[in-house]
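1. A predicted structure for the sequence below; I have some questions about it.
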Amino acid sequence: MDEPSTSTSSNVMHSDFVEITIDVHQVVPPPHVSTLQRIKIKLKETFFPDDPIRQFKGKTLNTKLILGAQYFFPILQWLPNYSFNLFKSDLVAGLTIASLAIPQGISYAKLATLPPIIGLYSSFVPPLVYVVLGSSKDLAVGPVSIASLVMGFMIAEEVSPTTQSDLFIQLAFTSTFFAGIFQATLGILRLGFIIDFLSKAILLGFTAGAAVIVSLQQLKALLGITHFTKKMAIIPVMCSVFDNIHEWSWETIVMGASFLGILLIARQISIRKPQLFWVSAGAPLACVIISTILTFVIKGQKHSISIVGKLQQGINPASADMLLFSGDYLGLTIKTGIVSGILALTEGIAVGRTFATLRNYKLDGNKEMMAIGFMNVVGSTTSCYVTTGSFSRSAVNHNAGAKTAMSNLVMAVTVMVTLLFLMPLFRFTPNAVLGAIIITAVVGLIDIPAALLIWKLDKFDFIVLLTAFLGVIFISVQYGLALAVGLSIFRILMQITRPKTAMLGNIPATTIYRNIHHYKEATRVPGFLILSIEAPINFANITYLHERMLRWIEEEEDTKTENSCLQYVILEMSAVSSIDTSGVSLFKELKVALEIKGVELILVNPLAEVIEKLKKADEDNDFVRPDYLFLTVGEAVAALSSARKRQSQTIEEIE
């Protein structure tokens, strides 16, 4: 916010054609604020930008208790007004997403190299928790491809899922616990801005690369290969495919390719005609049922068709005693939990915000982080692995007409019935069909139009996207993500250490000053060098700013003529939102350097924090003189031109 100002004088700016009268306003420091108040304001703006406390102001104690309960348990906001008509909509949506959640749960568990039954467990308990704590009307929760892939890959780097299966499952549950603790902590401490380091470009490149790797990994199931690499990079995967040609099964290939084609066609139908969303939603379950019956009838296992096998019946067993909080693998579980937790949280928040925007309601990101976090903490103690809001299931949930989070409860009950009574029916489900379901699900993660738009808008962002994509498919999932994040942080550091500066010129017949390289009609003002600084000033960029401004001045002096000698350097500081102690020294050094050259330093519109610190540092009133501070460049040029003209007239009269 700009500082209050008062009119102090009037100056007349003369030219050959017009006479412009301009009021010159005084720049004043902001009202005094104590250090404690300043810290309080800064903390509030950092951690509570939405000011959740304001809803309690002026309310009675009972009302405050009710609002507090509704804040922590969003179900209390909509449940009292819940009606049978709303339930009918949620019932249809819940049954629809359950038809998608069952095959996806089995498939994604296999993607995480976990027993398929754990995928169904993870589609039962977490939705029950989310119904109570979640604030999204559209989010459908459960396992997702990216988190499944990352968790399975990171744990498999140190523990074999085949020879050490029990340990592998324990580490998966423990990683889920740490993921939940990390997610909930971010929400409780309101640190959600940390996940903002994963930019849209990073996520697009990462998810596209992960989709490619996930799809290639399914070649094991689609081709019927028995011995397959555990590595996730594209080169080892393709080598494993072609080194084991002798293991390919034509029966498996035919079945996998056929159902993959059906699933892709169903997906295209729903994309082209959104009202037929139920086609792609129901296709996975239909394919599972048909392929299971077909495999049972033809005795597929005798024809080299790999099947899921016997699945445990019953609802989630407790797993709290399986969590490992000591030993050699503690660091691995913490690292895996944080990485998979961040990815799951990013997807869940992004999906929730997307549908909240479509339906025009507010989604509290911090509450969602707490809901997803507690969901995973509870899940880790009930045989579930990391879950979040799924884009595919949420899209189906939204299109099916879900009105509240109750659709998650309907889905959970449907999965519970499946766990209790229908598990033997999935024994003969072919792995090839599960692989086809995974491929169909992750194909949607490759967003080529969005990548092309990034190329048009920002080439550096496209390089970040490409880095994430190539890093994932050629190196590894975590290193690809790390490289892209590192490149993005490098860009931020470059923007901080190399802030933009520009030379301003006057738009003819106005008091407006703009970048002379942007506005071709902008003209230089003789005797003035007008520069704009477009970033906060701090220790990281003062050396660059000092050298850059001295170069502007030297270039100006090299082009000076007898009638246009440089007298004033004006710094337009509207974009300088903050300054540190090192930044203050920049102005002192610049003032000294200009005095040697006989040039005055003028500051225009220094904002509250800047002018306050400059005045505190300038006890001798040396470089922040009131007559060299102005609110606009127009006022500065008018006032200084008038003063210069009066000075010239006085000198002529004396002579």
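-> Looks like it came in fine.

2. Start and end of stretch 512-526, how far apart?
-> This stretch, stretch 512-526, spans 16 Å end to end (C-alpha to C-alpha, to the nearest Å).

3. Can you give the strand pairings for whichever strand or helix holds Ile602, parallel or anti for each?
-> Applying DSSP states H and E as the criterion places Ile602 in strand 600-604. With DSSP bridges as the test, strand 600-604 is paired with strand 568-572 (parallel), strand 629-630 (parallel).

4. Now do the strands in the stretch 451-600 of the chain.
-> Per DSSP state E, counting those that start in this stretch, the stretch 451-600 of the chain carries strands over the ranges 501-506, 513-515, 528-533, 568-572, 600-604.

5. residues contacting the spatially closest residue to Leu264 that is not a sequence neighbour?
-> Closest residue to Leu264 apart from its sequence neighbours, by C-beta to C-beta, 6 or more residues apart in numbering: Thr440 at 6.0 Å. Every C-beta, even on glycine, is put in place using the N, C-alpha and C of the backbone. Contact analysis of Thr440 by C-beta atoms under 8 Å, 6 or more residues apart in numbering lists Leu260, Leu263, Leu264, Arg267, Pro284.

6. Val485 now?
-> With contacts taken as C-beta under 8 Å, 6+ apart, Val485 has the following neighbours: Phe197, Leu198, Ile202.

7. how close does the first one get to Asn431?
-> Translated: Phe197. Separation of Phe197 from Asn431 (C-beta to C-beta, to the nearest Å): 37 Å.

8. Find out how far the helix or strand that contains Leu100 is from the centre of the chain, if you would.
-> Per DSSP H and E: Leu100 is located in helix 84-111. The chain centre lies 27 Å from the centre of helix 84-111; the measure is C-alpha atoms, centre = their mean, to the nearest Å.

9. mean confidence for that helix?
-> On average, the pLDDT along helix 84-111 is 86.

10. related to what we said a few turns ago, the residue nearest to Leu264: helix or strand, and which one exactly?
-> helix 431-443.

11. so Ala402 sits right up against Ser89, yeah?
-> Yes - between Ala402 and Ser89 there is a contact under C-beta atoms under 8 Å: 6.6 Å.

12. For these two, indicate the residue with more neighbours.
-> Between Ala402 and Ser89, Ala402 has the larger neighbour count (other C-beta atoms under 10 Å), namely 31 against 16.

13. Look at that one and tell me its secondary structure.
-> coil (DSSP: H, G, I helix; E, B strand; the rest coil).

14. got the contact list for it?
-> Counting by C-beta under 8 Å, 6+ apart, Ala402 has contacts Ser89, Asp90, Ala93, Gly94, Lys137, Asp138, Ala140.

15. let's see it at 6 Å
-> Asp90, Ala93 (C-beta atoms under 6 Å, 6 or more residues apart in numbering).

16. Now do the helix holding Thr440: distance to the chain's middle.
-> 27 Å.

17. rewinding a little: as CSV, the strands paired with strand 600-604 with mean pLDDT and mean neighbour count would be great.
-> Putting the strands paired with strand 600-604 into CSV (pLDDT from 0 to 100; neighbours: other C-beta atoms under 10 Å) gives the following:
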stretch, mean pLDDT, mean neighbour count
strand 568-572, 92, 23
strand 629-630, 89, 22
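
18. Show the average pLDDT along the following helix or strand past the strand holding Ile602.
-> Later in the chain than strand 600-604, the nearest helix or strand by DSSP H and E is helix 608-617. For helix 608-617, mean pLDDT is 85.

19. mind listing what's buried in helix 608-617?
-> Ala608, Glu609, Val610, Ile611, Glu612, Lys613, Leu614, Lys615, Ala617 (16 or more other C-beta atoms under 10 Å).

20. Quick check: which ranges of this protein have low pLDDT?
-> Low-confidence segments of the chain, defined by pLDDT under 70, are located at 1-23, 28, 44-52, 195-196, 230, 560-564, 622-623, 647-655.

21. Just the buried residues out of the contacts of Val485, in ChimeraX syntax.
-> Provided next is the ChimeraX selection string for whichever of the contacts of Val485 are buried by 16+ other C-beta under 10 Å:
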select :198,202
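
22. Closest to Asp243 out of the contacts of Val485?
-> Ile202 (33.3 Å; C-beta to C-beta).

23. quick one: contacts for the closest one?
-> Residues counted as contacts of Ile202 (C-beta under 6 Å, 6+ apart) are Ala468, Ala484.

24. re earlier: which elements pack onto the helix holding Leu100?
-> For helix 84-111, the packing partners by 3 or more C-beta pairs under 6 Å, 6 or more residues apart in numbering; DSSP states H and E come out as helix 116-121, helix 145-156, helix 277-298, helix 391-399, helix 406-417, helix 431-443.

25. got the ones you listed as CSV, with distance to Ile66 columns?
-> Formatted as CSV, these follow (distance: least, C-beta to C-beta, whole Å):
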stretch, distance to Ile66
helix 116-121, 35
helix 145-156, 36
helix 277-298, 37
helix 391-399, 29
helix 406-417, 21
helix 431-443, 41
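
26. Identify whichever of those helices lies nearest to Ala450.
-> Nearest to Ala450, of these and by C-beta to C-beta, is helix 391-399 at 13.6 Å.

27. buried residues in the closest one?
-> Using 16+ other C-beta under 10 Å as the burial criterion, the residues of helix 391-399 that qualify are Phe391, Ser392, Arg393, Ser394, Ala395, Val396, Asn397, His398, Asn399.

28. Isn't Tyr121 up against Cys384?
-> Yes - under the criterion of C-beta atoms under 6 Å, Tyr121 makes contact with Cys384 at 5.2 Å.

29. Show me which residues of the strand holding Ile602 are buried.
-> For strand 600-604, the neighbour count (16+ other C-beta under 10 Å) marks Leu601, Ile602, Leu603, Val604 as buried.

30. can the residues you listed go into JSON lines with extra columns for distance to Gln37?
-> Output for these, formatted as JSON lines (distance: C-beta to C-beta, whole Å):
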{"residue": "Leu601", "distance to Gln37": "32"}
{"residue": "Ile602", "distance to Gln37": "32"}
{"residue": "Leu603", "distance to Gln37": "26"}
{"residue": "Val604", "distance to Gln37": "28"}
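
31. which stretches of the stretch 551-655 of the chain form helices?
-> Secondary structure of the stretch 551-655 of the chain (DSSP state H, counting those that start in this stretch): helices at 581-597, 608-617, 633-654.

32. So which of those is nearest Pro116?
-> Nearest of these to Pro116, taken as C-beta to C-beta: helix 608-617 at 57.9 Å.

33. how much does the closest one deviate in direction from helix 581-597?
-> Calculated by axes from the mean of the first three to the mean of the last three C-alpha atoms, to 10 degrees, helix 608-617 forms an angle of 70 degrees with helix 581-597.

34. Could you number the chain from 10 rather than 1 from now on?
-> Done: numbering now begins at 10, and the last item shifts to helix 617-626.

35. Extract the CA atoms of helix 617-626 and return them as CSV.
-> C-alpha atoms of helix 617-626 as CSV (Å, rounded to 0.1, in the frame of the first residue of the first chain):
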residue,chain,number,x,y,z
ALA,A,617,6.4,1.7,3.3
GLU,A,618,9.0,-0.8,4.4
VAL,A,619,11.6,0.8,2.1
ILE,A,620,11.2,4.4,3.1
GLU,A,621,11.0,3.4,6.7
LYS,A,622,14.3,1.6,6.6
LEU,A,623,16.0,4.2,4.5
LYS,A,624,15.1,7.0,6.9
LYS,A,625,16.2,4.9,10.0
ALA,A,626,19.6,4.3,8.3
